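Undergrad: Need a 3D model of the sequence below.
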Amino acid sequence: MNQLVSIITPNYNASQYIAETIHSVQKQTYKNWELIIVDDCSTDNSVTIIKEFQKKDARIKLIELKENVGPAIVRNEGINIAKGKYLTFIDSDDIWLPEFIEISKKNIMNSDGFVFASYHRFNEALEPKYKDFIVPLKVNYSDILKSNSISCLTAFINIEKLDKLYMPTILYRQDMGLWLKYLKKIDYAIGIQQPLAIYRIRKKSHSRNKFNLIKHQWNFYRNVAELSAWLSVYYLFSWMFYGVRKYYF
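TA: Coordinates of the predicted model:
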């Protein structure tokens, strides 16, 4: 069956990259998709670029918010209007390889409704920066608390089976919060070992400041996952260990 895939893209001042991202969606071998781009009050010309794509491709939808609300609410706006059987995400500076949807859709048939894939890690100029991140074969709730190996770039969810759930409205780790919600419903998410996307590592990205993220990670464990102090310490040290290994080994 030719089932609709809903793709959510938050946009904020991504004029330098958004065209490449949209092109990577248009080049997918699987063609039945809707791309929902939610703009968070950009001040550059990225909205103009998106509207040019809209003129030629009716599958692209643009939602322009009236005030800046941050990435969690932006993605939730997209989730809310998604019409597809499947839900996936791509940020406005990342790139999918052409087979991403097709292979993800094939693999999800042998899962509980949630798959994710490996990816290349390039710099802003799309040059290799780190070795490919190869995901585990499967992860459960505890695994994600230790290390969030599910990238928002490659998560692929059957929302007809698992329902629409929404990201917690926090500044960091919104995606991790959503994965945990789904992993309360199922035993495992299944990892695809083949790299199917390009994660662009930008120098000014908030997620690059790991020391700043420690306090947000702690707050996530305490306030979102609602873990005890002792469990929060355990998972925080696990997260730091796996984070160092992810980028330096």
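
Undergrad: Against which helices or strands is the helix or strand bottoming out on mean pLDDT in the chain packed?
TA: Counting by mean pLDDT, DSSP states H and E, the chain has its least confident helix or strand at helix 210-219, which shows a mean of 84. Applying 3 or more Cβ pairs under 8 Å, 6 or more residues apart in numbering; DSSP states H and E, one finds that helix 210-219 contacts helix 229-248. Just so you know, the C-beta spots here come from the backbone N, C-alpha and C atoms, and that holds for glycine as well.

Undergrad: buried stuff in the helix it packs on?
TA: For helix 229-248, a neighbour-count test (16 or more other Cβ atoms under 10 Å) marks 232, 235-236, 239, 243 as buried.

Undergrad: again, but for stretch 157-166
TA: Under 16+ other Cβ under 10 Å, the buried positions of stretch 157-166 are 157-159, 162, 165-166.

Undergrad: Check stretch 35-55 too.
TA: 35-40, 42, 46-47, 49-50, 53-54.

Undergrad: Out of these, which comes closest to residue 70?
TA: Checking those against residue 70 by Cβ to Cβ gives residue 40 as the nearest, at 7.1 Å.

Undergrad: need the contact list for the closest one.
TA: Listed by Cβ atoms under 8 Å, 6 or more residues apart in numbering, the contact set of residue 40 reads 10-12, 65, 68-71, 74.

Undergrad: Those into CSV, with extra columns for secondary structure?
TA: Putting the contacts of residue 40 into CSV (DSSP: H, G, I helix; E, B strand; the rest coil) gives the following:
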residue, secondary structure
10, strand
11, strand
12, coil
65, coil
68, coil
69, coil
70, coil
71, helix
74, helix
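
Undergrad: Just give me the closest of the residues you listed to residue 136.
TA: Once Cβ to Cβ is applied, the member of these that ends up nearest residue 136 is residue 71, at 25.2 Å.

Undergrad: what mean pLDDT does stretch 54-68 have?
TA: The pLDDT scores in stretch 54-68 average 97.

Undergrad: Would you mind writing the CA trace of that stretch as CSV?
TA: C-alpha atoms of stretch 54-68 as CSV (Å, rounded to 0.1, in the frame of the first residue of the first chain):
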residue,chain,number,x,y,z
GLN,A,54,5.8,25.3,-2.4
LYS,A,55,4.9,26.8,-5.8
LYS,A,56,6.2,23.7,-7.5
ASP,A,57,5.5,20.9,-5.0
ALA,A,58,2.0,20.7,-3.4
ARG,A,59,3.4,18.1,-0.9
ILE,A,60,5.2,20.9,0.9
LYS,A,61,3.2,22.7,3.6
LEU,A,62,4.3,25.8,5.5
ILE,A,63,3.0,26.9,8.8
GLU,A,64,4.1,30.4,9.9
LEU,A,65,3.8,31.0,13.7
LYS,A,66,3.0,34.4,15.0
GLU,A,67,5.5,34.3,17.8
ASN,A,68,8.8,32.6,18.6
